[in-house]
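Engineer: quick one, structure for this:
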Amino acid sequence: MKKKGRYSATGFTLLEVLIAIIVLSFALLAMATLAGSIMGYNKFADHMTKATTLVEDKIEEFQNADYYSIVSSASDETVETHYTRSWRVYDNEPHDDMKTIYVKVTFQWQNRSHEIELGTIIIK
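Structural biologist: Numbering: from 1, shown residues only. Reported below is the predicted structural model:
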């Protein structure tokens, strides 16, 4: 259809459609990559939360125990196959009639070791 020497533009050309599809494909690929990264970080946060809970549980166990039943020691245990929990008890630190306790949980994530460590002081 001719109008005064120019063609009427009604609709999209094939080239415009192809360019739109390519741009949309790149946007969707970026979104998929972002979603994968977010899921990975979410899994790492889950491990960190679990490790922190294991540390806090052991500290609470020491806080609820009888002062004299807590002996100076260092111990390790494996919890749920992914986590290693260890603790150290020091008598008379920082002063007499006090015990300082450090609890640490380590775990592997993406071929790296991560750890959470907290401490507390128990008074006689």
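
Engineer: what sits closest to residue 117 if chain neighbours are left out?
Structural biologist: residue 104 (4.0 Å; Cβ to Cβ, 6 or more residues apart in numbering). Using the backbone N, CA and C atoms, a C-beta is placed for each residue, glycine as well.

Engineer: all strands of this protein, in order?
Structural biologist: Assigned by DSSP state E, the strands in the chain fall at 2-3, 6-7, 73-79, 83-91, 98-109, 112-123.

Engineer: mind listing what the residue nearest to residue 117 touches?
Structural biologist: 55, 85, 86, 87, 115, 116, 117 (Cβ atoms under 8 Å, 6 or more residues apart in numbering).

Engineer: if any of the residues you listed are buried, give me the ChimeraX selection for them.
Structural biologist: What follows is the ChimeraX syntax for the buried subset of these, where burial is set by 16 or more other Cβ atoms under 10 Å:
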select :55,85,86,87,116
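
Engineer: residue 69: what's it in contact with?
Structural biologist: Residue 69 neighbours (Cβ under 8 Å, 6+ apart): none.

Engineer: now swap in residue 91 and tell me
Structural biologist: Residue 91 is in contact with 72, 99, counting by Cβ under 8 Å, 6+ apart.

Engineer: for it, report the pLDDT, please.
Structural biologist: Residue 91 is assigned a pLDDT of 89 by the prediction.

Engineer: now swap in residue 2 and tell me
Structural biologist: Looking at residue 2, its pLDDT stands at 48.

Engineer: re earlier: report the beta-bridge partners for the residue nearest to residue 117.
Structural biologist: With DSSP bridges as the criterion, the beta-bridge partners of residue 104 are residue 86, residue 117.

Engineer: burial count for residue 32?
Structural biologist: Other residues near residue 32 come to 10 when the count uses other Cβ atoms under 10 Å.

Engineer: nothing else from me, thank you.
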